[in-house]
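Colleague: Next input, structure requested:
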Amino acid sequence: NTGIAILTSINNKITDIWPNISVIIINKWKVVYKLYSNNILIIANLKGDVFMKEFFPNISPIKFEGSESKNPLSFKYYDAKRVIMGKTMEEHLSFAMAWWHNLCASGADMFGQGTADKGFGENQGTMEHAKAKVDAGIEFMQKLGIKYYCFHDTDIVPEDQEDINVTNARLDEITDYILEKTKGTDIKCLWTTCNMFSNPRFMNGAGSSNSADVFCFAAAQAKKGLENAVKLGAKGFVFWGGREGYETLLNTDMKLEEENIATLFTMCRDYGRSIGFKGDFYIEPKPKEPMKHQYDFDAATAIGFLRKYGLDKDFKMNIEANHATLAGHTFQHELRVSAINGMLGSVDANQGDTLLGWDTDQFPTNVYDTTLAMYEILKAGGLSGGLNFDSKNRRPSNTAEDMFYGFIAGMDTFALGLIKAAQIIEDGRIDEFVKERYSSYNSGIGEKIRNRSVTLVECAEYALKMKKPELPESGRQEYLETVVNNIF
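Modeller: Presented below is the predicted three-dimensional model:
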């Protein structure tokens, strides 16, 4: 519509004079140049009006090519339109991009500075950089076919260290920009959250802080976060209590802290509903790191907390694989606990390193784990949220191509896990074994126990007449594990 035509070949004489510039003819008289800056393609006229900026010019849209393909920039198993158990892969696997890892994290750690350039052609800490991240993120998602994104408030704008009003104005500006740039696309917000753990003010927590002033500041951040969730049409709002815990009980009033966290959650629930937030509130359990003990230790602990304070009708779990293993559980366990309590909501898709005792947030590549995870998700009827890649490239994997390799690996691993989980269900041997294993509860005294129509006295009388029970039937663990391997 603009009449712009981009030539695939470059006039050698021009590039001899200006190596980074090529001439493009528009309607026989307009001249446009393309400039590569830090591998970013910019198309503009000579007055500087930018028509298009491409952040990943060397990456074409990622296509499904099948398991035999040797092309590293292709999907081997993720075929978005393939139907499995009545739904397409993209319906089962609502993948999301985590703003903080993909667009912000440079690979810096406590031992060294970052190795990846996440400036996207702008000076970091500016609103120009914030907008460049939006543009880069949209291009990234479109090239991978990802339809959702997630963020903390301070991922999308630089936080003003002196005045929250300035930060809020920046959030207004950037969310307007996100809406403008995603208009007409199928890109949506999966969930939002607030960073209430990085700033020194939160050194003792947010809702659990010993400072009432800090509590109020956290409430203000959450209020704005909920307003942005409604504005962007987010499906969820997450609470991750990064510093809601303690280092020592010697200085901690645990009862007061837990009650204050519940008060903050209740305030957020009530305000969110009052402004039209219809999505789920999520708690993301984690046992430790950065605090020695965190109150949302695991799914069972978080669910008990929500029920105690009457929040269980509005909250669900956002289960992260790496947090599950830090708590001494499997990913499958945390999904099962959430599902049987009717509180399985969303997933942070990643994995940890079993040899390391911290949250490494690696891209998921273990197909056995994703198969058992998708088995739980399918059996539970799916997620109300999605699969957010709370995953980051390893520090030496610092190129734009590595960003795509990580997501391709994660998406293919969950796609293959979905395929194999569906085959386990369709095969039926495991489900049939479990059903038969508990068949003693289908009739007689067992049925009465399940119906809660028997008393302790009646159970005791039944046992006395029986004198002693037979041993339960074998659990057949090795056989069942062989069944899974057979399906693989």
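Colleague: Only C-alpha atoms from now on, for both contacts and neighbour counts.
Modeller: Noted.
Colleague: quick one: low-confidence ranges for this structure?
Modeller: Along the chain, segments meeting pLDDT under 70 span 1-39, 41-52.
Colleague: What are the contacting residues of stretch 407-424?
Modeller: 73-79, 84-85, 89, 93, 95, 144, 350, 363-375, 378, 389, 430, 484, 487-488 (Cα atoms under 8 Å, 6 or more residues apart in numbering).
Colleague: Please flag which of those residues sit within helices.
Modeller: The members of these that map onto helices under DSSP state H are 89, 144, 367-375, 378, 430, 484, 487.
Colleague: ok, those residues vs Glu447, which is closest?
Modeller: Distances from Glu447 to the ones in helices among the contacts of stretch 407-424, taken as Cα to Cα, are shortest for Ile430 (22.6 Å).
Colleague: Let me see the residues that make contact with stretch 61-75.
Modeller: Outside stretch 61-75, the residues that reach it (Cα under 8 Å, 6+ apart) are Lys76, Tyr77, Tyr78, Asp79, Gln142, Lys143, Leu144, Gly145, Phe404, Tyr405, Ile408, Asp412.
Colleague: Buried residues, whatever helix or strand the last one lives in. List them.
Modeller: Assigned by DSSP states H and E, Asp412 belongs to helix 400-427. Neighbour counts over helix 400-427 (16 or more other Cα atoms under 10 Å) mark 400, 403-425 as buried.
Colleague: re the thing from before, put the buried members of the contacts of stretch 407-424 into a ChimeraX selection.
Modeller: Those of the contacts of stretch 407-424 that count as buried under 16+ other Cα under 10 Å are selected in ChimeraX with:
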select :73,74,75,76,77,78,79,89,93,95,144,350,363,364,365,367,368,369,370,371,372,373,374,375,378,389,430,484,488
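Colleague: any idea how far whichever strand or helix holds Leu179 is from the chain center?
Modeller: If you go by DSSP H and E, Leu179 is part of helix 164-182. Taking the mean of its C-alpha atoms, helix 164-182 sits 22 Å from the chain's own mean (Cα atoms, centre = their mean, to the nearest Å).
Colleague: do stretch 268-275 as well
Modeller: Distance, centroid of stretch 268-275 to centroid of chain: 23 Å (Cα atoms, centre = their mean).
Colleague: got it, and stretch 443-455?
Modeller: 42 Å.
Colleague: who touches that stretch?
Modeller: By Cα under 8 Å, 6+ apart, the list of residues contacting stretch 443-455 reads Ser440, Tyr441, Cys459.
Colleague: Kindly report the same for stretch 117-134.
Modeller: Against stretch 117-134 from outside (Cα under 8 Å, 6+ apart): 37-38, 40, 55, 103-106, 136, 156-158, 170, 174, 177-178, 398.
Colleague: repeat for stretch 79-98
Modeller: Against stretch 79-98 from outside (Cα under 8 Å, 6+ apart): 64, 78, 141, 146-151, 190, 382, 385-391, 411, 414-415, 419, 422.
Colleague: hmm, try it at 7 Å
Modeller: Taking contacts as Cα atoms under 7 Å, 6 or more residues apart in numbering, the residues outside stretch 79-98 that touch it are 64, 146-151, 190, 382, 386-390, 422.
Colleague: Just the buried residues of it, please?
Modeller: Asp79, Ala80, Met89, Glu90, Glu91, His92, Leu93, Ser94, Phe95, Ala96, Met97, Ala98.
Colleague: Mind checking which of these are in strands?
Modeller: Phe95, Ala96, Met97, Ala98 (DSSP state E).
Colleague: Show me where the stretch 101-250 of the chain has its strands.
Modeller: All strands of the stretch 101-250 of the chain, identified by DSSP state E, counting those that start in this stretch, fall at 148-152, 188-193, 236-239, 245-246.
Colleague: likewise the stretch 251-400 of the chain?
Modeller: With DSSP E, counting those that start in this stretch as the criterion, the stretch 251-400 of the chain has strands spanning 280-283, 293-294, 315-320, 344-348, 387-389.
Colleague: So in that sheet, which strands flank the shortest one, and in what orientation?
Modeller: So that's strand 293-294. strand 245-246 (antiparallel) (DSSP bridges).
Colleague: contacting residues around the strand it pairs with?
Modeller: Residues contacting strand 245-246 (Cα under 7 Å, 6+ apart): Thr252, Met291, Lys292, His293, Gln294, Tyr295.
Colleague: go again using 6 Å as the cut-off
Modeller: Contacting residues not belonging to strand 245-246 are listed as Met291, His293, Gln294, Tyr295 [Cα atoms under 6 Å, 6 or more residues apart in numbering].
Colleague: Can you pull the phi/psi pair for the residue nearest to Thr301 when sequence neighbours are not counted?
Modeller: With sequence-adjacent residues excluded and distances taken as Cα to Cα, 6 or more residues apart in numbering, Thr301 is closest to Tyr295, at 7.8 Å. Note on Tyr295: its backbone torsions stand at phi -70, psi -30 [degrees, to the nearest 10].
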